[in-house]
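K.L.:
need a 3D model of the sequence below.
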Amino acid sequence: MEDPREDRPVDLVAALARARSPEPPGPDIPAGGAARAWPGPPRPLPPAGPADLDLEALLRYSLAAADASGRLRPVSSAGALHPVDTELVVGAGCSLPPGRYGYDPLRHRVHPVGPQLEGTPPGVTAELSVTARRTASHYGHRAWPLLLLDTGHAAAALFLAARALGTDEPEVRLDGLAESPLAAVHIPPPGGRGPAHPDGCARVPDLPGGPPTLAELLARRSTPPPMPGAPSQDALRAVLTTAERAGTRDLRWCAAVGPPRPALVALSADGTTLRRHAAGEARPTLAAWAAGQAWIADAGAVLLAHGCPADADAPHIRRAHLRAGFAVHLAHVTALRHGLAARPVGSWQQADLGAALGAAQDRDWVVHGLALGTRHADEENTT
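P.N.:
Predicted structure coming up:
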């Protein structure tokens, strides 16, 4: 990966340490294009035959922009800057001929960029990389964790769209071993799972309650603050369950709740109840840690992914952040199923949760968050 400000390879360990520091970002720089400029002429996504994987619908419900600026898309992104680029490795059983294609989410078109590679499995593998300048244009040195979280969100959007369209057993690669592509999602053609994907993709369990509907995917948006109102115990347990099932051994999960018994809560060992992880009101501290976003102090609850110690190596950093973005995206859909307002929170500074709770320093940092509430901003403005 390269730093667009310095035009040289980035030490991800040092980049994360700097992103976690209180140092403010510098002034904005131009973001460049809102999508990668793929070579060659664009090609429309053709209609799918009865036995084909429908790539047009898959991409429309996961990554396609709904407005010409490219800001409005079905996947969350820090600052709506959408740095994630998608290359499709298409095998047999798809609505496109086999080959490699770059996807343009602004025009919902593909660009042929290469022939089919030997050993390409049936279906499609979406390989996700980033144009870092888009995010660094606004967030500066804080961009790197956000780039990884955004990639995890994009992988989750592809996974959910595949399940909503009835595709069996999509596989996701979020192992953090590669700088590019950072992640991959393999989606088999209808009617056959085939062998496990050779690039180390893993199968992910569905949301509690089953796959999403297309209507749920269309309704998936980040709620603007404020977001007051404490979620019910059942709703909060469902959100935590989703996050833990989609997360990884590198992450732990809890949620900050307010009065009448302010605390950090987590799932019990058997997953059936909430237990108190730590007593006390955490939301004002979280607001200060989250780039000073004061509204978080009044959110109904805040889901937290935490872990990724200061001495984590680059693969660990990538894996933890990719998985956190993936899991928070799925938790967001679960929150919407329970009628909650929800907004991902990705930028965290000095958020050493373990040290704040009296444990060793630099071992347990906030990686990602999801603010939750029961009332939306538009409802607040009418009361």
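K.L.:
how close does the residue nearest to A219 when sequence neighbours are not counted get to E216?
P.N.:
Excluding its sequence neighbours, the residue lying closest to A219 (C-beta to C-beta, 6 or more residues apart in numbering) is L336, at 6.2 Å. From N, CA and C alone the C-beta is placed, and that goes for glycine too. According to C-beta to C-beta, to the nearest Å, L336 stands 7 Å off from E216.
K.L.:
same question for L81.
P.N.:
Computed as C-beta to C-beta, the L81 to E216 distance reads 25 Å.
K.L.:
quick one: which of the two has more around it?
P.N.:
L81 (23 against 16; other C-beta atoms under 10 Å).
K.L.:
wait, that one touches S137, no?
P.N.:
Yes - between L81 and S137 there is a contact under C-beta atoms under 8 Å: 7.1 Å.
K.L.:
which residues are common contacts for these two?
P.N.:
Counting by C-beta atoms under 8 Å, 6 or more residues apart in numbering, the contacts common to L81 and S137 are A31.
K.L.:
which residues touch stretch 208-220?
P.N.:
The contact list for stretch 208-220 (C-beta under 8 Å, 6+ apart) reads 61-62, 74, 160-161, 163-166, 238, 241-242, 245, 332-334, 336-337.
K.L.:
apply 7 Å and report the result again.
P.N.:
Defining contact as C-beta atoms under 7 Å, 6 or more residues apart in numbering, one finds that stretch 208-220 is touched by 61, 74, 160-161, 163-164, 238, 241-242, 332-334, 336-337.
K.L.:
ok, stretch 134-146 next?
P.N.:
By C-beta under 7 Å, 6+ apart, stretch 134-146 touches 4-5, 10, 12, 15-16, 18-19, 23, 25-26, 28-32, 78-79, 81-83, 132, 147, 321, 346-347.
K.L.:
count of residues packed around M227?
P.N.:
Counted with other C-beta under 10 Å, M227 comes out at 25.
K.L.:
I'd guessed it sits against A301; true?
P.N.:
No - using C-beta atoms under 7 Å, M227 and A301 do not qualify as a contacting pair, with a distance of 9.3 Å.
K.L.:
before we move on, the earlier item: among the contacts of stretch 134-146, which are in helices?
P.N.:
Of these, the ones assigned to helices by DSSP state H are 12, 15-16, 18-19, 132, 147, 321.
K.L.:
buried residues in stretch 164-175, which are they?
P.N.:
164-165, 167, 170-175 (16 or more other C-beta atoms under 10 Å).
K.L.:
go through the residues you listed and flag which are in strands.
P.N.:
171-173 (DSSP state E).
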